[in-house]
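# show me the folded form of this:
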Amino acid sequence: MRRGFYIGRFQPYHMGHHLVLEQISREVDEIIVGIGTAQISHTVTDPFTAGERIAMIYGALRELGRWFYIIPLPDINRNAVWVSHVKSMTPPFEVVYSNNPLVVELFTEAGMEVRRPPMYRREVYSGTVIRRLMIEGGDWRHLVPDAVAKVIEEIKGVERLRNISKKDFA
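The predicted structure is shown next:
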């Protein structure tokens, strides 16, 4: 049984992530999704909690027909031991999927197989773009799976993001 590992912040999980995971699901029997920077929330760049991101991803991935694990991974800020940290927090896996240069380097140095999945419309499917659209009142829902939009609406995520993006009162 072959397991693949894919990590991201998923702030929020969007169609770019989903298309990558659809591709990965054709190559492995089980997918481990690592939620990076799991300890941070309620900031403009990381507005959603780890639990909220788990709910988003779970809802979106149910349709893939693969067994998957969603694991929150808090930052440890020690790159030399980060791979060991990840491995201690996840089920075993044989292949890593990432385009992040640091993730690729660290897992390659650790002797792991690393594959670079294609990125889909990165200029559109971007957490930064989606969060900006949310703050500005733009149309963001078509950029995320329906299950993700539902979670964001349930938790009043757009309102949260708008509130935390405001400047301090003078």
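# can we go C-alpha only for contacts and neighbour counts from here?
Will do.
# in stretch 55-69, what's buried?
Neighbour-count burial for stretch 55-69 flags 55-61, 66, 68-69 (criterion: 16 or more other Cα atoms under 10 Å).
# please apply the same query to stretch 33-52.
33-38, 40, 44-50, 52.
# quick one: mean pLDDT for that stretch?
Averaged across stretch 33-52, pLDDT comes to 97.
# same deal with stretch 73-92?
Mean per-residue pLDDT for stretch 73-92: 96.
# show me what contacts residue 54?
Neighbouring residues of residue 54 by Cα atoms under 8 Å, 6 or more residues apart in numbering: 35, 70.
# pretty sure it is in a helix, no?
Yes: according to DSSP: H, G, I helix; E, B strand; the rest coil, residue 54 belongs to a helix.
# how close does it sit to residue 118?
According to Cα to Cα, to the nearest Å, residue 54 stands 23 Å off from residue 118.
# quick one on the thing from earlier: just the ones in helices from the buried residues of stretch 33-52, please.
The helices, defined by DSSP state H, take in 50, 52 from the buried residues of stretch 33-52.
# give me the lowest-pLDDT entry from the buried residues of stretch 55-69.
residue 66 (81).
# and that residue, how far from residue 74?
25 Å.
# could you find the closest non-adjacent residue to residue 151?
residue 56 (6.0 Å; Cα to Cα, 6 or more residues apart in numbering).
# so the one you found sits right up against residue 153, yeah?
No: if you go by Cα atoms under 8 Å, residue 56 and residue 153 don't touch, sitting 11.0 Å apart.
# and the gap between the residue nearest the centre of the chain and residue 72?
Geometric centre of the chain, nearest residue: residue 10, 2.9 Å, by Cα atoms, centre = their mean. As judged by Cα to Cα, residue 10 and residue 72 stand 11 Å apart.
# quick check: neighbours shared by the two?
Common neighbours of residue 10 and residue 72 (Cα under 8 Å, 6+ apart) are 35-36.
# rewinding a little: and the buried residues of stretch 55-69 as JSON lines, adding secondary structure?
Below are these laid out as JSON lines (three-state DSSP):
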{"residue": "55", "secondary structure": "helix"}
{"residue": "56", "secondary structure": "helix"}
{"residue": "57", "secondary structure": "helix"}
{"residue": "58", "secondary structure": "helix"}
{"residue": "59", "secondary structure": "helix"}
{"residue": "60", "secondary structure": "helix"}
{"residue": "61", "secondary structure": "helix"}
{"residue": "66", "secondary structure": "coil"}
{"residue": "68", "secondary structure": "strand"}
{"residue": "69", "secondary structure": "strand"}
